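S.K.: using only what follows, build the 3D model:
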Amino acid sequence: MLCLLACILLWGCRSGEKLYNKGKYDNAVTAFVKKLQRKPQDATALQLLPEAYRQAQKMHEDRVNNLLRSNNQLKWEPIRNEYRTMQRLYDAIHSSPAALKIVTPKDYSNAITGALENAAETRYDRGTALMQRGDKASARKAYDEFGAALKLIPNYRDAQARKDDAFQAGVVYVVVSEVDVRSPYFQFSADQFRDYLVRSLQQRNVNRFVVFYDERTARNENLRPDQYIALRFQDFVVGQTYVDRARREVSKEIVTSTTKDTTGKTINTYTTVRATIVTTKTTVESRGLLDYQIADISNGKILRSDRIPGSYTWFNQFATYTGDSRALSEADMASIGGRDLPPPPPQELFMEFTRPIYNQLEKDLRDYYAYID
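M.R.: Just a heads-up that it's a prediction; the model follows:
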């Protein structure tokens, strides 16, 4: 145990010296302080700690001075970080009486507070200037600036109220139109399509600054939208039916009786059996296109437009036979069965062929609104 302890102390000293020689003065100070906590008379730590601290202090204060001379509006945040690093060294040295005897560290607590206040004020002023521009994109940036001020100093001035105002000013209200299907028979299904879409976009919280409404709700609430999504189904066919009947004759020779001649040889008597297999395949196709456009209400500009195809094929097959079942092979027997089923109702077929359209449209809108200027 004594040998192990000696090795640890020796490694700690050498580690601090290596860090010092590599110019990693912050880490070297910490290493030397830890060494003096364990061995207050360590010669290497006592010799190198003052210089390591002096070099660390010079390095960070040089960075602070360079930042102060810069035109970077957000310089107070990295300045605060430099002061905080130096304050950690101040606290570390104060944790070791042996270290405190040879180094008088500087207390940066007031400097940290000053930098923090300047950083919060800068963020607040930037948010105020952005709000004065009067456009939604700037309001959204102002929201982030006021949020940054509050993160630096909770309850800073009236930043929370300003942040709330910025959010309301930056929200984009998007109204999704009633779906034009050019067929009153499918209007209910089209309304379901639109309702599912709006509900999904709302629940997914695509973007905190984007709020989706269906056209009916927006009209009832007298909402003035910023953008309008027009949806229209066209060139669609629901329930186009194709019936294919195939008739196939099959036959097989089978043994009907067995006798033996005078020599004892077996003699088989054969007969041919026949059957007719009728296979009916019913295919019901539904397909269509959805056109959509996103328009800016303020200037009528088309922001995005696309056409999405979709299709759905319902299929049913059954087979029957007439004649002698002995004419059927194993494969034939396996194909026999099923029944003549009616296709789904048109409304269900409409929903099925619009399902891939819905999935693609929702993805397009989520991708588009995930990031807005």
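S.K.: for the stretch 101-250 of the chain, what spans make up the strands?
M.R.: 172-176, 210-214, 227-260 (DSSP state E, counting those that start in this stretch).
S.K.: mean pLDDT added to those strands, as a markdown table?
M.R.: Below are the strands of the stretch 101-250 of the chain laid out as a markdown table (pLDDT from 0 to 100):
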| stretch | mean pLDDT |
| --- | --- |
| strand 172-176 | 95 |
| strand 210-214 | 94 |
| strand 227-260 | 92 |
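S.K.: report the secondary structure state of residue 320.
M.R.: Classification of residue 320 by DSSP: H, G, I helix; E, B strand; the rest coil places it in strand.
S.K.: could we number from 351 for the rest of this?
M.R.: All right, first residue 351 from here; so that's residue 670.
S.K.: I'd like the distance between it and residue 676.
M.R.: From residue 670 across to residue 676, the span is 17 Å (C-beta to C-beta, to the nearest Å). (Each C-beta comes from the backbone N, C-alpha and C, glycine too.)
S.K.: next: residue 660.
M.R.: In terms of C-beta to C-beta, residue 660 sits 48 Å off from residue 676.
S.K.: once you drop chain neighbours, what's closest to residue 686?
M.R.: residue 669 (5.1 Å; C-beta to C-beta, 6 or more residues apart in numbering).
S.K.: try residue 642
M.R.: Using C-beta to C-beta, 6+ apart and skipping the chain neighbours, the partner closest in space to residue 642 is residue 581 (5.2 Å).
S.K.: ok so, going back, pipe the strands of the stretch 451-600 of the chain into a markdown table and attach mean neighbour count and distance to residue 367 per row.
M.R.: As requested, the strands of the stretch 451-600 of the chain are exported to a markdown table (neighbours: other C-beta atoms under 10 Å; distance: least, C-beta to C-beta, whole Å):
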| stretch | mean neighbour count | distance to residue 367 |
| --- | --- | --- |
| strand 522-526 | 21 | 60 |
| strand 560-564 | 20 | 58 |
| strand 577-610 | 14 | 65 |
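S.K.: tell me which of these lies nearest to residue 720.
M.R.: With C-beta to C-beta, the closest approach to residue 720 among the strands of the stretch 451-600 of the chain belongs to strand 560-564: 8.9 Å.
S.K.: now the angle from the closest one to strand 522-526?
M.R.: Angle between the axes of strand 560-564 and strand 522-526 is 30 degrees (criterion: axes from the mean of the first three to the mean of the last three C-alpha atoms, to 10 degrees).
S.K.: looking at residue 670 and residue 676, which one has more neighbours?
M.R.: Taking neighbours as other C-beta atoms under 10 Å, residue 670 and residue 676 compare with residue 670 leading, 14 against 11.
S.K.: tell me how far that one lies from residue 465.
M.R.: Counting by C-beta to C-beta, the gap from residue 670 to residue 465 is 88 Å.
S.K.: the residue nearest to residue 686 - how many residues pack around it?
M.R.: For residue 669, using other C-beta under 10 Å, the count is 17.
S.K.: that one: what's it in contact with?
M.R.: 627-630, 685-688 (C-beta atoms under 8 Å, 6 or more residues apart in numbering).
S.K.: and if we set it to 6 Å?
M.R.: 629, 685-686 (C-beta atoms under 6 Å, 6 or more residues apart in numbering).
S.K.: looking at these, spot the one nearest residue 448.
M.R.: So of the contacts of residue 669, ranked by how close each gets to residue 448 (C-beta to C-beta), first place is residue 685, at 93.9 Å.
S.K.: name the nearest residue to that closest one, sequence neighbours excluded.
M.R.: With C-beta to C-beta, 6+ apart as the criterion, residue 685 has its nearest non-adjacent residue at 5.0 Å, and that residue is residue 669.
S.K.: who does the top helix by length along the chain touch, helix- and strand-wise?
M.R.: If you go by DSSP state H, the chain has its longest helix at helix 393-419. Applying 3 or more C-beta pairs under 6 Å, 6 or more residues apart in numbering; DSSP states H and E, one finds that helix 393-419 contacts helix 352-371, helix 375-388, helix 426-444.
S.K.: apply 10 Å and report the result again.
M.R.: helix 352-371, helix 375-388, helix 426-444, helix 447-452, helix 459-481 (3 or more C-beta pairs under 10 Å, 6 or more residues apart in numbering; DSSP states H and E).
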